[in-house]
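Chemist: Prediction below, plus the sequence it came from.
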Amino acid sequence: MSLFKGNLDSSNKFTANDDIRGLKLISVDLIPSYMVYETGAATPVEYFYWTDDSGNYRQHTSAPTAANYNTAGGVIAGASNAGASKALDNIASAAINADLLPGSDNAIDLGDATHVYAESFVTKTVFYPTDCYITGTSAVATLTGSLVTGSDGEGYDTIFYGETADQYLHWDENFASDMGGLILRDNVFLVFGDASTGDVTFEWNEATFEMDAPTDSTWNIGATKQFDVVFHGQTGGQDVMFDQSADAMVALDNAAFIVGTTNYIKIAADGTDVHIDGNAANKSVAWGANNALDLVLHGAGANRDYFWDASENTMFVLDNAIFSVGTGGDFNLVSTGTVTTGTFSGTTSGLILQSYADQTTGILKLDGATNDWDGADDVGMLWLTNDVAHVDAGAASLLIADSSTPINAAQGFMARFVHSGTKKASSWGVAIEVPAQQGAFWTNGIVTIVGQDDPGEALVQITGNDTSGDDTTVDIHTAGSGAGLLITSDDVDSLQLNLLAKANQTASMAIIDGQSVDWIGNADDVGMVSIIQGTTALAHVGSTLLYVASDSQSKASAEGTLARFLSTGAAQAGAAAVEISANAANDALHVSSGIAKFSGTLEAAAAFSVGTTSTFTGAAIFTAGQQSSAVARTAGDGTGTALIADGTTYVTITAGGDANSWVTLPTPTPGNVVWMYIGATGCELRSSDPATIAINGGSEADAESALPANTLHRAICTSATTWVLTKFVANGTESAGEVAAAAA
């Protein structure tokens, strides 16, 4: 403990009468305390004194802690303005007003090997009368401010030694003819940057000058003040120079840029041309092999450039730049921005795409799918245009010539069109449009059209647009015994030929024309139309070799609505306009309904059968006689087999149940005679309308006349409303038949 004298002010701060500036806090645990007698005081007061981090001298009646020694107690007023201590520990705030001179010249050290100064602050010059050597063990020395060695016109050598012998940096103040020089010895690095090993290093290793820098770093030469850089070659004038005014790296004539060692690429100019060459054949220049690069080849005209766009993997030939093939420009390709045009320079020029042997891909592919090509009116992915007349019969806008042997079942070895998209109405896979009277399609080979399931429309559609002329829509010429048109059915419900008429049509739908060429039928069993059938029996009673059906109403006095045969040639003995030859057991001509009318002579050389009422407006001559067949009827309710059909002459009637059953007469036709023979059981007879058509004068609802058993009756129609009935018994006696009356 030490004692100091001084005064305590009203703030209980002590002002010492003695110098206490040498007190410095070393450790808060080692703070010394002092018993201080204030002037006039009977007992001392214990105070603790220390220096805080700001250089202030503080006092307190208790020892500070590490946490509060910068704030505890109070600052001793005036302590920071005191003079230098003997230990010079407050030299930063004390003034030295005189030079510090050693007691003897060149004999006093400032510190020693074990007592060194941490930092030296000098604002002017440090003089060394002789050589100055800075040595020590510290790895780092810091100089703040400028370091000047020598003076202007009076320099000195300066050497910075390295850790390895003979590796140092030497400033030689008289390197060459009174000019200084900075010398880096062999294997000494000139380092730029702040990394521990240097960001950028330069080194001369006795053989080569090397520079190293971090990956992706930049050496920026002339960043703020531009200058030329010249690399001199061994031959005078063959230099490489960066010309800053031209912003260009220039290889002078016959100086070259060489890339590579063993197999290299050489680029050089000889004063006229630029040559790019290599030292070995069949080598390539890989542009952007690892990192894709764009490449622009500029033309003489503005923007007429070739541009390799690496990001698009595309070589662009910009608008109005020409892509030319051949020594004299045999083929030139240019785009105007709207249309790309390829031009050949001569009459023998052409474009040939030559395939590879056994090639499995197309030689030329026009791809519209990738970029959704959707076309425009009168535009095709392949567009061939020409408005100049051809001068050779074999010339064509599109010519496909092939002399190869196709594979079996080839699907189209010269041209093939395949569409798998959605079907659209009025759309065609191939359309050929030519002017009127110009041929559109010609072939000398086989044309095959293969259908598919549910095509939706006809496989072949031919629309004749000739509304004013008489030209034929389809013209087929044939020679030899083959058919001009053969249609073979491959399905039981297929229709081979269907002709659809035009409403109010004034021309025939089909004409078999032998007149224009004088067809004479120069063979037996040959017709202009031949319908032939083998021995196989027809499978349906309604089937026929010729079927003519019409639901239309006949025009009055029609001369033949279903069929009409006209012959105006000279008559020939034994000749027939129509001959029907059938099996003797079959009908040759059968009119199942309607009237069979013969305006000319009807001659039946064999049996002639009429199945319904026939009207002969002329005389009917029967050379061998006329015989009506008996028709069986069964009495019943007057319908079905109980109805006597029109035209029936002789009827045998069998009772259907009892004597009250009846048969019905035909529709009354004046002059019609019906003979009826009644069997063992009698029955009744009614007209077709008993209430209005009378039998022997009797008519009313359900009116009927009795037909006794084993009798013969004759009914004669005398008008549209009357029948006269007579009866014959077994001995031939004739009597009046019963007057029709209402059924009992």
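Modeler: Perfect, I can see it now.
Chemist: just for the stretch 201-350 of the chain, where's the confidence low?
Modeler: Scanning the stretch 201-350 of the chain for pLDDT under 70 picks out 263, 348-349.
Chemist: Do you have the strands of it handy? List them.
Modeler: 209-212, 229-231, 240-243, 248-251, 256-259, 265-269, 274-278, 295-297, 306-309, 314-317, 322-325, 331-335, 340-344 (DSSP state E, counting those that start in this stretch).
Chemist: can you list those strands in a markdown table and add distance to Ala537?
Modeler: Heads up, the C-betas are built off the backbone N, CA and C, glycines and all. Below are the strands of the stretch 201-350 of the chain laid out as a markdown table (distance: least, Cβ to Cβ, whole Å):
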| stretch | distance to Ala537 |
| --- | --- |
| strand 209-212 | 108 |
| strand 229-231 | 109 |
| strand 240-243 | 106 |
| strand 248-251 | 103 |
| strand 256-259 | 95 |
| strand 265-269 | 92 |
| strand 274-278 | 91 |
| strand 295-297 | 85 |
| strand 306-309 | 80 |
| strand 314-317 | 75 |
| strand 322-325 | 75 |
| strand 331-335 | 73 |
| strand 340-344 | 70 |
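Chemist: Nearest to Leu538, out of those strands?
Modeler: Proximity to Leu538 (Cβ to Cβ) singles out strand 340-344 among the strands of the stretch 201-350 of the chain, at 67.4 Å.
Chemist: Sheet partners, orientation included, of the closest one?
Modeler: As defined by DSSP bridges, the strand partners of strand 340-344 come to strand 331-335 (antiparallel).
Chemist: Name the residues that touch the partner strand?
Modeler: Contacts of strand 331-335 with the rest of the structure, by Cβ atoms under 8 Å, 6 or more residues apart in numbering, involve 317-325, 340-345, 349, 351.
Chemist: Make a ChimeraX selection of whichever of the residues you listed turn out to be buried.
Modeler: Buried residues within the contacts of strand 331-335, by 16 or more other Cβ atoms under 10 Å, are selected in ChimeraX with:
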select :317,318,321
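Chemist: Three-state assignment for Thr641, please.
Modeler: With DSSP: H, G, I helix; E, B strand; the rest coil as the basis, Thr641 sits in helix.
Chemist: Surely it is in contact with Arg633?
Modeler: Yes. Counting by Cβ atoms under 8 Å, Thr641 touches Arg633, with 5.8 Å between them.
Chemist: The two: which has the busier surroundings?
Modeler: A direct count of neighbours by other Cβ atoms under 10 Å for Thr641 and Arg633 places Arg633 higher, at 21 against 14.
Chemist: Quickly find the element holding the more buried one.
Modeler: Arg633 belongs to strand 630-634 when assigned by DSSP states H and E.
Chemist: what helices or strands is that strand leaning on?
Modeler: strand 650-654 (3 or more Cβ pairs under 8 Å, 6 or more residues apart in numbering; DSSP states H and E).
Chemist: got the buried residues for the strand it packs on?
Modeler: So strand 650-654, judged by 16+ other Cβ under 10 Å, has buried residues Val651, Ile653.
Chemist: Check stretch 713-722 too.
Modeler: Buried, per 16+ other Cβ under 10 Å, within stretch 713-722: His713, Ala715, Cys717, Thr722.
Chemist: Any idea how many residues pack against the closest residue to the second one other than its chain neighbours?
Modeler: With Cβ to Cβ, 6 or more residues apart in numbering as the measure, Val674 is the residue that lies nearest to Ala715, at 4.7 Å, once sequence neighbours are left out. If you count neighbours by other Cβ under 10 Å, Val674 ends up with 21.
Chemist: list the contacts for Val674?
Modeler: Taking Cβ under 8 Å, 6+ apart, we find Val674 in contact with Ile644, Thr648, Thr649, Tyr650, Val651, Leu665, Pro666, Arg714, Ala715.
Chemist: quick one: secondary structure of it?
Modeler: The assignment at Val674 comes out as strand when based on three-state DSSP.
Chemist: Could you look up the SS state of the closest residue to Ile487 other than its chain neighbours?
Modeler: Excluding its sequence neighbours, the residue lying closest to Ile487 (Cβ to Cβ, 6+ apart) is Gln496, at 4.2 Å. Recorded secondary structure, Gln496: coil (three-state DSSP).
Chemist: Can you give me the pLDDT of Gln496?
Modeler: Note on Gln496: pLDDT of 81.
Chemist: can you tell me how far it sits from Gly299?
Modeler: In this view, Gln496 and Gly299 are 68 Å apart by Cβ to Cβ, to the nearest Å.
Chemist: With neighbour numbers in mind, choose between those two.
Modeler: Neighbour totals were compared for Gln496 and Gly299, and Gly299 leads with 14 against 8 (other Cβ under 10 Å).
Chemist: domains of this structure?
Modeler: With domains defined by automatic domain parsing, the chain comprises 2-81, 158-212, 227-284, 296-342, 630-742.
Chemist: Could you tell me the end-to-end distance of the last one?
Modeler: Between the opening and closing residues of domain 630-742 lies a distance of 29 Å (Cα to Cα, to the nearest Å).
Chemist: about what we covered before: okay, the residue nearest to Ala715: pLDDT?
Modeler: 96.
Chemist: again, but for Gly469
Modeler: Listed pLDDT for Gly469 reads 65.
Chemist: Show the backbone phi and psi for the residue nearest the centre of the chain.
Modeler: With distances taken as Cα atoms, centre = their mean, Ala369 lies nearest the centre of the chain, 3.2 Å away. As for Ala369, its main-chain torsions (degrees, to the nearest 10) stand at phi -70, psi -40.
Chemist: Equivalent analysis for the one 5 residues further on, please.
Modeler: Comment: the main-chain dihedrals of Asp374 come out as phi -120, psi 0, following degrees, to the nearest 10.
Chemist: could you measure it against Arg416, distance?
Modeler: 23 Å.
Chemist: With adjacent residues omitted, what lies nearest to Gly155?
Modeler: Glu173 is the one closest to Gly155 (Cβ to Cβ, 6+ apart), at 3.4 Å.
Chemist: Can you list the buried residues in the host helix or strand of that neighbour?
Modeler: Here Glu173 sits within strand 168-176, counting by DSSP H and E. Buried residues in strand 168-176, counted by 16+ other Cβ under 10 Å: Leu169, His170, Trp171.
Chemist: Kindly report the same for stretch 379-392.
Modeler: Applying 16+ other Cβ under 10 Å to stretch 379-392 flags no residue as buried.
Chemist: Tell me how far that stretch lies from the chain's centre.
Modeler: Counting by Cα atoms, centre = their mean, to the nearest Å, stretch 379-392 is centred 28 Å from the centre of its parent chain.
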